[in-house]
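Q: missing the sequence, but the structure's below:
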């Protein structure tokens, strides 16, 4: 067993010479074996070990287990850190399971010990049997490669699991050979938790069909680890080539560019984008990723999804935009824009408060370089305008005779032909006289009010 663990440490580069390692020790056989093994190689690696024990207060034996771990730490001359918590109390009102809260508190404690002692690693005692149970739990939950790869030998350059490829049988043999004592967690025999039911009932049944179940599932987890790592690397490379920043409140990618890749890569890219916006990258599952993929493959050029953690996903023709928003955001925007309606006094200035824009109206005699102005400035033949002028957003039935065309066209058709995103349409201002729309602000002027050789009075309209 010692050689197997040493090989795993070298293969996965778990330890460096001279590091301080916090060892999570519950008192059970796995953690006691881990502590003993690290003590045996501490001289070779010049390690400083710190024992960390969490007294969760869930069982009556908890205090005895704390004293046991304290005693073996003292016997081995290793520093001991302990924290007492009341998991049942901390769980109240959270809606979380005991397992979830216990895990959160345990990792918080271990990280606190790391900071206190300026340690470089946290060693966890998970073994091969734990790995198999984890893989089966994730399988039953319908996980993909990320779940089926199980626990990693190392994570975040901080957590290491030296015993992950060692069976519980090998661990017990190791402990016996070194005459080490350990405590037994009787709750492992209770079938209240899913993991215990899998350990005590499902695995024995599966081994009737495959006596080498542990080895087979461990091999599968190893394959899944490699493939998942490749997929994540491929997705990150693609996003990097698209110049997508790792941290951004809004991310925009091309739908057509995304579709160039295999469906598996598409899903991984979407997962990566959504996780960048989720707290700690958690809470994103298959249903959310599939919904975004469906949005991209839909025949409709526009659409919107409201996902957990206030993640908003919009499709605007060939653009897919992921951002942080609120579920009510779209309704609020629509209501706000529907109320935009301003009558214009000439000459004058109109402040459109809803959009924080200003439209300015002036009469000019000899406009300079009319054809070289930007899209936010237009010149109109004032005599062709039927007053009063109104500023508002689009409504059903609005029409314009686009510059250069003979017939009129519905504003909505113009938006569709020009592939203007629905969100932008809601924010686009129209300037109307009493006959029709004469300017789609920033986009198109009406043929009816264009300047000609017969123009006597010119109205300049500008968004400033």
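A: Done, it's in. All values reported here derive from a predicted model rather than from experimental measurement. Numbers count the residues shown, from 1 in each chain.
Q: distance between the helix or strand containing residue 227 and the chain's centre?
A: Counting by DSSP states H and E, the element that carries residue 227 is helix 213-241. Relative to its parent chain, helix 213-241 has a centroid offset of 18 Å by CA atoms, centre = their mean, to the nearest Å.
Q: kindly report the same for stretch 416-429.
A: The chain centre lies 29 Å from the centre of stretch 416-429; the measure is CA atoms, centre = their mean.
Q: for that stretch, buried residues please.
A: 420-422, 425-429 (16 or more other CB atoms under 10 Å). Using the backbone N, CA and C atoms, a C-beta is placed for each residue, glycine as well.
Q: go on, stretch 45-65?
A: Applying a neighbour-count criterion of 16+ other CB under 10 Å, one finds 45, 47-57, 65 buried in stretch 45-65.
Q: what lies in contact with stretch 341-359?
A: Stretch 341-359 is contacted from outside by 336-337, 339-340, 360-363, 387-392, 427, 429, 431, 441, 459, 461-464, using CB atoms under 8 Å, 6 or more residues apart in numbering.
Q: please produce a PyMOL select command covering the buried subset of those.
A: In PyMOL, this line selects whichever of these come out buried by 16+ other CB under 10 Å:
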select buried, resi 337+340+361+389+391+392+427+429+431+441+459+461+462+463
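Q: got a list of contacts for stretch 153-173?
A: Counting by CB under 8 Å, 6+ apart, 1, 4-5, 8-9, 11-15, 29-30, 33-34, 37-38, 114, 120-131, 151-152, 214, 218 sit against stretch 153-173.
Q: tell me the buried residues in it?
A: Neighbour-count burial for stretch 153-173 [16+ other CB under 10 Å]: 153-154, 159-168, 170-171.
Q: now do the SS call for the residue nearest to the spatial centre of the chain.
A: The centroid of the chain falls nearest to residue 275 when counting by CA atoms, centre = their mean (1.1 Å). Classification of residue 275 by DSSP: H, G, I helix; E, B strand; the rest coil places it in helix.
Q: hang on, it packs against residue 281?
A: Yes - using CB atoms under 8 Å, residue 275 makes contact with residue 281 at a distance of 4.1 Å.
Q: the helix holding residue 227 packs against which elements?
A: Applying 3 or more CB pairs under 8 Å, 6 or more residues apart in numbering; DSSP states H and E, one finds that helix 213-241 contacts helix 128-140, helix 145-148, helix 263-277.
Q: let's have those helices in JSON lines, adding distance to residue 349 and mean pLDDT.
A: Formatted as JSON lines, those follow (distance: least, CB to CB, whole Å; pLDDT from 0 to 100):
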{"stretch": "helix 128-140", "distance to residue 349": "62", "mean pLDDT": "94"}
{"stretch": "helix 145-148", "distance to residue 349": "57", "mean pLDDT": "91"}
{"stretch": "helix 263-277", "distance to residue 349": "39", "mean pLDDT": "93"}
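Q: I'd like those helices written out as JSON lines, with distance to residue 182 added.
A: What follows is the helices and strands packed on helix 213-241, written out as JSON lines (distance: least, CB to CB, whole Å):
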{"stretch": "helix 128-140", "distance to residue 182": "15"}
{"stretch": "helix 145-148", "distance to residue 182": "30"}
{"stretch": "helix 263-277", "distance to residue 182": "39"}
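Q: the ones you listed: which one's closest to residue 178?
A: Across these, residue 178 has its closest neighbour in helix 128-140 (19.5 Å, CB to CB).
Q: before we move on, the earlier item: what inclination does the helix holding residue 227 have with respect to helix 128-140?
A: Relative orientation of helix 213-241 versus helix 128-140 (axes from the mean of the first three to the mean of the last three CA atoms, to 10 degrees): 60 degrees.
Q: show the subsequent helix or strand relative to helix 213-241.
A: Downstream of helix 213-241 (by DSSP H and E), the next one is strand 250-254.
Q: and after that next one, which helix or strand comes next?
A: Next element after strand 250-254 (DSSP H and E): helix 255-258.
Q: what comes into contact with that next one?
A: Residues outside helix 255-258 that contact it (CB under 8 Å, 6+ apart) are 242, 266, 269, 296, 315, 317-320.
Q: could you redo the last one with a cut-off of 7 Å?
A: The contact list for helix 255-258 (CB atoms under 7 Å, 6 or more residues apart in numbering) reads 266, 269, 296, 315, 318-320.
Q: rewinding a little: mind listing what's buried in the helix holding residue 227?
A: Those would be 213-214, 217-218, 220-221, 224-225, 228, 231, 234-235, 238-239, for helix 213-241 by 16+ other CB under 10 Å.
Q: in a markdown table, list those along with pLDDT and distance to residue 402.
A: Formatted as a markdown table, the buried residues of helix 213-241 follow (pLDDT from 0 to 100; distance: CB to CB, whole Å):
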| residue | pLDDT | distance to residue 402 |
| --- | --- | --- |
| 213 | 93 | 70 |
| 214 | 91 | 71 |
| 217 | 94 | 65 |
| 218 | 93 | 67 |
| 220 | 95 | 62 |
| 221 | 94 | 62 |
| 224 | 95 | 56 |
| 225 | 93 | 58 |
| 228 | 93 | 52 |
| 231 | 95 | 47 |
| 234 | 95 | 45 |
| 235 | 95 | 42 |
| 238 | 95 | 39 |
| 239 | 94 | 39 |
